[in-house]
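Trainee: need a structure here:
(one chain, ligands or ions: 1)
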Amino acid sequence: MNFREIMVSSSSGPYAIRLGNGIREQIPDLLQTLGFPKNEKVGLISNETVRVLHANALSSRLEKKGYPVVNFDFHDGESYKTMDSVMSCLDKLLSVKWERKNPLIVLGGGVTGDMGGFVGSVLLRGVPVIHVPTTVVGQVDSSIGGKTGVDHSEGKNLIGSFYPPKAVWIDPSYLETLSLRERRSGLGEVIKYAMIGDKKLLEFLDSALETLASKNFDREVWEKAIFSCASDKARIVSEDEKESGIRMNLNFGHTFGHALERVTGYQGLLHGEAVGLGMIVAARIGTLLGITEKGTEEIIVDFLQQAHLPYEWPKEIAYRDLERYLRNDKKSSSGMVTLVLPVRPGEVVRTNQYELSVLGSAIP
Ligand SMILES: NC(=O)c1ccc[n+]([C@@H]2O[C@H](COP(=O)([O-])OP(=O)(O)OC[C@H]3O[C@@H](n4cnc5c(N)ncnc54)[C@H](O)[C@@H]3O)[C@@H](O)[C@H]2O)c1
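Mentor: Below you'll find the model as predicted:
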C-alpha cells in the first residue's frame, strides 16, 4: 500500500508521520520495521470507547503477528484527564515489569494521546511512544509535536511534558466511527490551520468544507485535509519544538476556547467548537486593536457555518465568567496575555501582552 510520509524534526531526533486509509492493518509490520522485535511486549493504551470500536481489533492483530500485548483503558472524557488516571496506567504497566525498550501504542483521541504520551514520558524516565490518533483533533494536531498534557483543578493541561514520539501512524478511516458532531468539531482545528497560514488549504476548504461536514464520510477528501494540516503542524513544530515562536500561532482561537471549555465544565462545547468561537473573539479583538482587516470575522463565521459549528456566543456566558480561567492560562502572566490575532485569512500575528480586562469588550 502507498502511504504518505511527513518527517518531523525534534530534539530527540527525527520521526515519521505515516498517513493513509488502511494503515491500521499494517501496524504490526510498521512496528517491526521501526525496530521492535516480535515476542517483546507492546502496550496498547486506549479508552473504554475506542477499545470496543478499534483497540480490541488492533490488539488481536498484534497478537496474531507475535506481539504480546498489555492493554490499558482510560475512562472516556476530558474530566478523566487527571493524574489519577495517569497513576492507574503507570500502576498497570509497572505491575507487569515494564522495560524501557517496550513501546506504548497510544490509540485514541487527544485526551488519550495527551495522557498516554505523558505516561510514556515519565515511565522509567521515558519509553518509546507511537501515536495512532483516532479523532480529527488527534490526526491533525495533538498526535504531532510531542506535547503531552494532564489537567489540574486550576486549569487545563497544566501538567505535562514535551516528549516526541517514535512515530505517528494516521488512518483517516478511523474517523468513520466518530459521531458527526465530533467530526464537525474537528473541523474547527482544520479551519484554524487555514486561517493561520495555509492559503492552499483555504482554497481547498472553499470547495471541500461541505463534503467534510456532511454525514457521509468521504475517505479521500478527509485524507487530503488531514495531510495538509499534519504537514503544517510538522513544519511548525520542526521549526519551533518548545513553543517560543511560530508554534504559538497554533493557539489561534485557543486562549478563549480553553476558557470556554473550562467554564462549561467540558460539558457544553466540544474542543473544536470552543476553538471556533475563540477564533471569532480573536478577530473581534484584532478589529478593536486595528490589526484585523475588515471582513475577516465574517469569513471565519462563514467557514464555521459551513462546518455546522456554533458561531454565536453562548448567551449564558459572560466575560467575567471566563476571566478567572484566562488568568490561569499557561500563556498568561501577571494578568497579561499574549494573543494570536488574525490579520486576514491566511495570516496571523502574535501580539504583545494585553491586560486581560480590556479584552472583555470583544465578548457580547
Ligand atoms: N498535545 C497537543 O498538542 C494537543 C493539541 C490539541 C488538543 N489537545 C488535547 O486534545 C484533547 C481533545 O481531543 P479530542 O477532541 O480528540 O477529544 P477526545 O480524546 O475526548 O475524543 C473525543 C471523543 O471521541 C471518542 N473517540 C475517539 N476516537 C473515536 C473513533 N474513532 N470513533 C468513535 N469515537 C471515538 C472518544 O472516546 C471521546 O469520547 C483536549 O484534551 C486537548 O487539550 C492536545
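
Trainee: stretch 152-169 near the ligand anywhere?
Mentor: Yes: using CB under 6 Å from any ligand atom, stretch 152-169 reaches the ligand at residue 157. C-beta: built from backbone N, CA, C; applies to glycine.

Trainee: from the chain's centroid, how far away is that stretch?
Mentor: How far stretch 152-169 lies from its chain's middle: 10 Å, per CA atoms, centre = their mean, to the nearest Å.

Trainee: next: stretch 74-88.
Mentor: That offset, for stretch 74-88, works out to 17 Å (CA atoms, centre = their mean).

Trainee: any bit of that stretch sitting next to the ligand?
Mentor: Yes: applying CB under 6 Å from any ligand atom, one finds that stretch 74-88 is in contact with the ligand at 76, 78, 81.

Trainee: which one of the residues you listed is nearest residue 313?
Mentor: For the residues of stretch 74-88 next to the ligand, the minimum distance to residue 313 (CB to CB) is 21.4 Å, reached by residue 78.

Trainee: tell me the least confident of the residues of stretch 74-88 next to the ligand?
Mentor: Among the residues of stretch 74-88 next to the ligand, residue 78 carries the weakest pLDDT, at 88.

Trainee: just give me the neighbour total for that residue.
Mentor: 19 (other CB atoms under 10 Å).

Trainee: so which residue is dead centre in the protein?
Mentor: Nearest residue to the geometric centre of the chain (CA atoms, centre = their mean): residue 142, 2.8 Å.

Trainee: returning to that earlier point: can you redo the residues of stretch 74-88 next to the ligand as a markdown table with secondary structure and distance to residue 103?
Mentor: Supplementary listing: those in a markdown table, determined by DSSP: H, G, I helix; E, B strand; the rest coil; distance: CB to CB, whole Å:
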| residue | secondary structure | distance to residue 103 |
| --- | --- | --- |
| 76 | coil | 23 |
| 78 | helix | 26 |
| 81 | coil | 22 |
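
Trainee: what residues does the stretch 101-250 of the chain have near the ligand?
Mentor: 108-112, 114, 134-135, 137-138, 141-142, 145, 147, 149, 157, 174, 177-178, 182.

Trainee: let's see it at 8 Å
Mentor: Within the stretch 101-250 of the chain, the positions adjacent to the ligand are 108-114, 117, 133-138, 141-145, 147-149, 151, 156-157, 160, 174-179, 182, 185-186, 189, 250 by CB under 8 Å from any ligand atom.

Trainee: residue 251: neighbour count?
Mentor: Residue 251, neighbours per other CB under 10 Å, totals 24.

Trainee: now swap in the one 5 residues further on and tell me
Mentor: Other residues within reach of residue 256, judged by other CB under 10 Å, total 29.

Trainee: who touches it in this structure?
Mentor: 274, 277, 278, 281, 282, 322, 326 (CB atoms under 8 Å, 6 or more residues apart in numbering).

Trainee: next up, the contacts around the second one.
Mentor: In this case it means residue 277. 253, 256, 257, 260, 269, 310, 311, 313, 314.

Trainee: for the stretch 151-300 of the chain, give me the ranges with low pLDDT.
Mentor: By pLDDT under 70, the low-scoring segments of the stretch 151-300 of the chain are 266.

Trainee: report the closest residue of it relative to the ligand.
Mentor: residue 177 (3.6 Å; CB to the nearest ligand atom).

Trainee: that residue against residue 57, yeah?
Mentor: No: here residue 177 does not reach residue 57: they are 11.3 Å apart, not a contact under CB atoms under 8 Å.

Trainee: buried ones in stretch 43-59?
Mentor: Residues of stretch 43-59 classed as buried by neighbour count (16 or more other CB atoms under 10 Å): 43-47, 49-51, 53-55, 58-59.

Trainee: out of those, which sit inside helices?
Mentor: Counting by DSSP state H, the buried residues of stretch 43-59 place 49, 50, 58, 59 in helices.

Trainee: ok, so of these, who is nearest the ligand?
Mentor: The shortest approach to the ligand among those belongs to residue 49, at 3.6 Å (CB to the nearest ligand atom).

Trainee: give me the pLDDT value at that closest one.
Mentor: We have a pLDDT of 98 for residue 49.

Trainee: can you tell me, leaving aside adjacent residues, what's nearest to it?
Mentor: Spatially, and ignoring its direct neighbours in sequence, residue 49 is nearest to residue 76 (4.7 Å; CB to CB, 6 or more residues apart in numbering).

Trainee: bridging residues for the closest residue to residue 104 other than its chain neighbours?
Mentor: Spatially, and ignoring its direct neighbours in sequence, residue 104 is nearest to residue 43 (4.1 Å; CB to CB, 6+ apart). Beta-bridge pairing for residue 43 (DSSP bridges): residue 70, residue 104.

Trainee: and residue 43, how close does it get to the ligand?
Mentor: 18 Å (CB to the nearest ligand atom, to the nearest Å).

Trainee: ok so, going back, can you list the buried residues of stretch 43-59 in TSV and add distance to residue 229?
Mentor: Output for these, formatted as TSV (distance: CB to CB, whole Å):
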residue	distance to residue 229
43	27
44	26
45	24
46	23
47	23
49	23
50	21
51	26
53	23
54	21
55	24
58	24
59	28
